[in-house]
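In: Starting from these lines, generate the structure:
(2 chains)
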Amino acid sequence: MNVVYDTALGEQVQLIGPGQRRFTMYVCGPTVDNSPHLGHGRLAIVFDLLRRHLERRGVEVVMVQNITDVDDKIIDRARRSGMSPVEVAREFEAAWFSALDRLGILRPTKSPRATEWISQMIGMIVEMIDSGSAYRISDGVYLSVDRVEGYPRLSRQDREELLAGARVEVLEEKRSPLDFALWKLVGAEEYGFESPWGWGRPGWHTECVAMSLGLLGEGFDLHGGGMDLVFPHHENEWAQASVLGKRFCRHWMHNGLVEMGGEKMSKSIGNTMSLTEALDRYGARPLRLAYLRAQYRSPLEMGEPVLEESERALERIDDFIRRAQGAEPAVPTPKIEEFATALDDDLDTPRAFAVLFEAVRAGNIALDTGESERARYLADSVAGMLGWVGIGTERLVLSDEVKDLVTRRERAKAERDYATADQIRSHLGEMGYLLKDTRDGPVISRA
RNA sequence: GGCGGCGUGGCCGAGUGGUUAGGCAGAGGCCUGCAAAGCCUCGCACAGCGGUUCGAAUCCGCUCGCCGCCUCCA
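Out: Below is the predicted model:
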């Protein structure tokens, strides 16, 4: 049960050992220099899905996700806006959590900030210098990749080719062009921290090593992030753990990127949509469904057409559950188990949703043929599937006033007083409700 | 230039040697005071060209096209 594709091995592995009850994961979080976009949302959804799935399977999950609150882009933004870097970081950290809360993402067990781990990072860098793996040059401290066994081993690239293809500006003082900064020295007037080498800032890759090992310990179960972090970020984290002589994560997992118009969603291309905007326009549940349509490693097309499609698809599911009055059962049904089994296979959400939609169709047929018990069973199962992946069922609490209006309209309809019935319906519309007459009676939803 | 991956019906998106993926859109039907929904049925697709095979979307080769990484990026 439960295999996942391990980036480092290039094949699927068993994620949970026999009898394992606790699972530790570290997922690279955001650099808080801007509001999160749909790409960040996918990262959050994918690892939230993994977490929920494992928890449903009876495994306790400890999840750490960092907040990178020291970075050049944050400083640039601060400079432009007249705020301090800390203010900028706190503002977008709040935006991050607020958007993810709205999406229904479970909060990580811990969300450490890079700036709160500076002393641990410095300690690690000292150790790396002492062991001869890192060296000091005029502008900072660098890790010598020649000291890293097997480098690069996560991205499985050829070292020579990496060198040949390197577009990095080569610093003469560096021993190898592939060496990367652990500590960058900056002027005293700049945002920074005191260190044995002078005023400066930590390199990007070091924080994750310090925080993952510091909070989860050596040999933690999983390290995750977006596909674009494989190289150099994760490669260079592993390199540091390696020269420190620490066992790093057991497995690596990376989610595919979000595309818009067939191209990677990125700020530099300008084809982004902010998570908040998507939440405002479509709501959390359709958005979640949109994310789960594709397997997590595949690129995922996002944009208005697919979001609208997800809206309609979810409506169909909701309508069925409502018609058959389904509710998530306390104990998973065999149908739910079928859905969950698909998720065991490297989080195969497309297959899982095929199971779900087949249940919807079968349930609708059961309703039409009067097999209400079977319909109810299927509706409960579908509700359970939605619950399993954190979409949940639609809950609309109606005020007494609304209920009364619906009742009055039904009475008017029965008396063939359609003028009154239509008037009430449009009144409900003004109140923000959409009333639809169905074979099973009136149905109210948010307009 | 190197490395990795991909090209599936109008769109999204699974599959990976022989049985229906699934969704959205579209067509037909049912239901219906109106409206808007809802329900049912319907697709025989797999970049091109060769090859292997009794049989290929699925394996091999070539061609074309696309994307990602190699630089900050989820």
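In: and the residue nearest the centre of chain A, what does it touch?
Out: The centre of chain A sits closest to A:A44, judged by Cα atoms, centre = their mean, with a distance of 1.2 Å. Shown in contact with A:A44 (Cβ atoms under 8 Å, 6 or more residues apart in numbering): A:100, A:103, A:105. Bear in mind the C-beta positions are built from the backbone N, C-alpha and C, glycine included.
In: Can you report how many residues lie near the residue in the stretch 201-350 of chain A positioned nearest to RNA strand B?
Out: Nearest residue of the stretch 201-350 of chain A to RNA strand B, counting by Cβ to the nearest atom of the strand: A:G226, 2.0 Å away. Neighbour count for A:G226, taken as other Cβ atoms under 10 Å: 20.
In: now the one 4 residues further on
Out: Using other Cβ under 10 Å, the number of residues around A:V230 comes to 19.
In: What sits closest to it if chain neighbours are left out?
Out: A:S155 (5.2 Å; Cβ to Cβ, 6 or more residues apart in numbering).
In: Tell me if A:T407 really is in a strand.
Out: No: counting by DSSP: H, G, I helix; E, B strand; the rest coil, A:T407 falls outside a strand, being helix.
In: any idea how far it lies from A:Q325?
Out: 19 Å (Cβ to Cβ, to the nearest Å).
In: wouldn't the residue nearest to A:V230 be in contact with A:H233 here?
Out: No: the pair A:S155 / A:H233 is not scored as a contact, 10.2 Å apart, by Cβ atoms under 8 Å.
In: Between those two, which has more neighbouring residues?
Out: Taking other Cβ under 10 Å, A:S155 and A:H233 do not tie; A:H233 has more neighbours (18 against 15).
In: Kindly state the pLDDT recorded for the nearest residue to that one once chain neighbours are set aside?
Out: Spatial nearest neighbour of A:H233, excluding adjacent residues (Cβ to Cβ, 6+ apart): A:H205 at 5.9 Å. Listed pLDDT for A:H205 reads 92.
In: Neighbours of A:P18, how many?
Out: 5.
In: nope, A:R293 is what I meant
Out: 17.
In: That one reaches A:L307, doesn't it?
Out: No: applying Cβ under 8 Å as the test, A:R293 and A:L307 come out as separate, 10.6 Å apart.
In: ok, then the element right after the lowest-mean-pLDDT helix or strand in chain A?
Out: Within chain A, no helix or strand scores below helix A:159-165, which has a mean of 67 by mean pLDDT, DSSP states H and E. Under the assignment DSSP states H and E, the closest C-terminal helix or strand after helix A:159-165 is strand A:180-185.
In: same for that following strand, what does it pack against?
Out: Here strand A:180-185 touches helix A:118-130, strand A:140-143, strand A:200-202, going by 3 or more Cβ pairs under 8 Å, 6 or more residues apart in numbering; DSSP states H and E.
In: next structured bit after the shortest one?
Out: Scanning the chain past strand A:200-202 towards its C-terminal end, the next helix or strand to appear is helix A:206-216 (assignment: DSSP H and E).
In: gap between A:I45 and A:R351?
Out: From A:I45 to A:R351 the distance is 17 Å (Cβ to Cβ).
In: which residues does A:L244 contact?
Out: Counted by Cβ under 8 Å, 6+ apart, A:L244 has contacts A:124, A:127-128, A:131, A:209.
In: what does the stretch 251-400 of chain A put close to RNA strand B?
Out: Taking Cβ under 7 Å from any atom of the strand, the part of the stretch 251-400 of chain A that reaches RNA strand B is made up of A:255, A:257-259, A:262-266, A:268, A:293-295, A:298-301, A:305-306, A:308-309, A:312-313, A:315-316, A:319-320, A:323, A:348, A:350-351, A:353-354, A:357-358, A:360-361, A:364-365, A:368.
In: out of the residues you listed, which are inside helices?
Out: A:305-306, A:308-309, A:312-313, A:315-316, A:319-320, A:323, A:350-351, A:353-354, A:357-358, A:360-361, A:364-365, A:368 (DSSP state H).
In: if we can go back for a sec, what pLDDT is listed against the residue nearest to A:V230?
Out: Value for A:S155, per-residue pLDDT: 80.
In: three-state assignment of it?
Out: Assignment for A:S155 (three-state DSSP): coil.
In: how deep is A:K436 tucked in, by neighbour count?
Out: A:K436: 11 neighbours (other Cβ under 10 Å).
In: That one looks like it's in a strand, true?
Out: Yes: judged by three-state DSSP, A:K436 forms part of a strand.
In: Could you look up the SS state of the residue lying closest to it once chain neighbours are set aside?
Out: Spatial nearest neighbour of A:K436, excluding adjacent residues (Cβ to Cβ, 6+ apart): A:V443 at 4.9 Å. Classification of A:V443 using three-state DSSP returns strand.
In: Run a quick neighbour tally on A:V443.
Out: 16.
In: swap in A:G10?
Out: With other Cβ under 10 Å as criterion, A:G10 counts 8.
In: Show me where chain A dips below the pLDDT cut-off.
Out: Within chain A, the stretches with pLDDT under 70 are A:1, A:161-171, A:268, A:447.
In: run the last query once more with 50
Out: Applying pLDDT under 50 to chain A flags no residue at all.
In: Domains of it: list them as residue ranges, please.
Out: A:3-255, A:259-388, A:400-446 (automatic domain parsing).
In: can you tell which of those is closest to A:E394?
Out: Closest of those to A:E394 is domain A:259-388, at 4.8 Å (criterion: Cβ to Cβ).
In: Need the distance between the two termini of the closest one.
Out: Using Cα to Cα, to the nearest Å, the end-to-end distance of domain A:259-388 comes out at 26 Å.
In: Quick one: distance of that domain to the chain centre.
Out: Relative to the centre of its chain, domain A:259-388 is centred 16 Å away, using Cα atoms, centre = their mean, to the nearest Å.
In: same thing with stretch A:65-78?
Out: 19 Å.
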